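**Q** Give me a 3D structure for the following:
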Amino acid sequence: MELKILRTLGIIVIISFWSASYSFGQNKLMNQTHNDKMEKYSSKNMEMNMKEMKDISKTNSEEPRLYKGIINLKEIDKNKDGKIYQCPMDFNVLSDKPGIDPKCGMKLKEVTIKEAGENLLNHGFHVKK
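**A** Here you go, the predicted model:
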């Protein structure tokens, strides 16, 4: 009788160990698959950002600048069209041409001089009147 119980317990232990090993292997495989997909996505996303940056840099001989102190928006608008490019996150990163914010990597958004001034004032920057 005791032998039968010991044999049954042994079988249960072996099955449990096998099941745990199988589950561990499946999880490892799933994690590796997930990591592979994320790596491909990240690489593809990085390639797209690099391409976009190269395309913009071709048209932009003057890098976007981070302005401090009293910001003269009319001076930044070199082509005098009433529009400049501003980072939607770092409002004091400005340019007269399209570009990428060197601080956060975001694409600059085209705004009017008035919009840029309002954005700057609303976020604690000083603008020359």
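**Q** ok, K80 to K97 distance?
**A** K80 is 13 Å from K97, where distance means C-beta to C-beta, to the nearest Å. The way it works is simple: take the backbone N, C-alpha and C, and place the C-beta from them, glycine included.
**Q** can you list the domain ranges for the chain.
**A** When the chain is parsed with automatic domain parsing, its domains come out as 1-59, 65-127.
**Q** any idea which of those domains scores lowest on pLDDT?
**A** Confidence, taken as mean pLDDT, is least for domain 1-59 of these (a mean of 61).
**Q** so which strand or helix has I84?
**A** Assigned by DSSP states H and E, I84 belongs to strand 83-86.
**Q** before we move on, back to that, in terms of neighbours, single out the busier of K80 and K97.
**A** K97 (18 against 9; other C-beta atoms under 10 Å).
**Q** Confirm that the more buried one sits in a strand.
**A** No. According to DSSP: H, G, I helix; E, B strand; the rest coil, K97 belongs to no strand; its state is coil.
**Q** Test my guess that it contacts K83.
**A** No. Under the criterion of C-beta atoms under 8 Å, K97 is not in contact with K83, lying 10.5 Å apart.
**Q** Got the phi and psi for V127?
**A** phi -120, psi 140 (degrees, to the nearest 10).
**Q** Do a quick rundown of the strands in this protein.
**A** Secondary structure of the chain by DSSP state E: the strands cover 65-66, 70-71, 83-86, 93-95, 109-112, 126-127.
**Q** would TSV of these with distance to E118 be doable?
**A** TSV is the format used below for the strands of the chain (distance: least, C-beta to C-beta, whole Å):
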stretch	distance to E118
strand 65-66	19
strand 70-71	12
strand 83-86	11
strand 93-95	14
strand 109-112	9
strand 126-127	9
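**Q** got TSV for those, with distance to I5 and mean neighbour count too?
**A** Below are these laid out as TSV (distance: least, C-beta to C-beta, whole Å; neighbours: other C-beta atoms under 10 Å):
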stretch	distance to I5	mean neighbour count
strand 65-66	76	13
strand 70-71	84	14
strand 83-86	78	22
strand 93-95	75	23
strand 109-112	75	16
strand 126-127	84	14
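**Q** Understood, closing this out.
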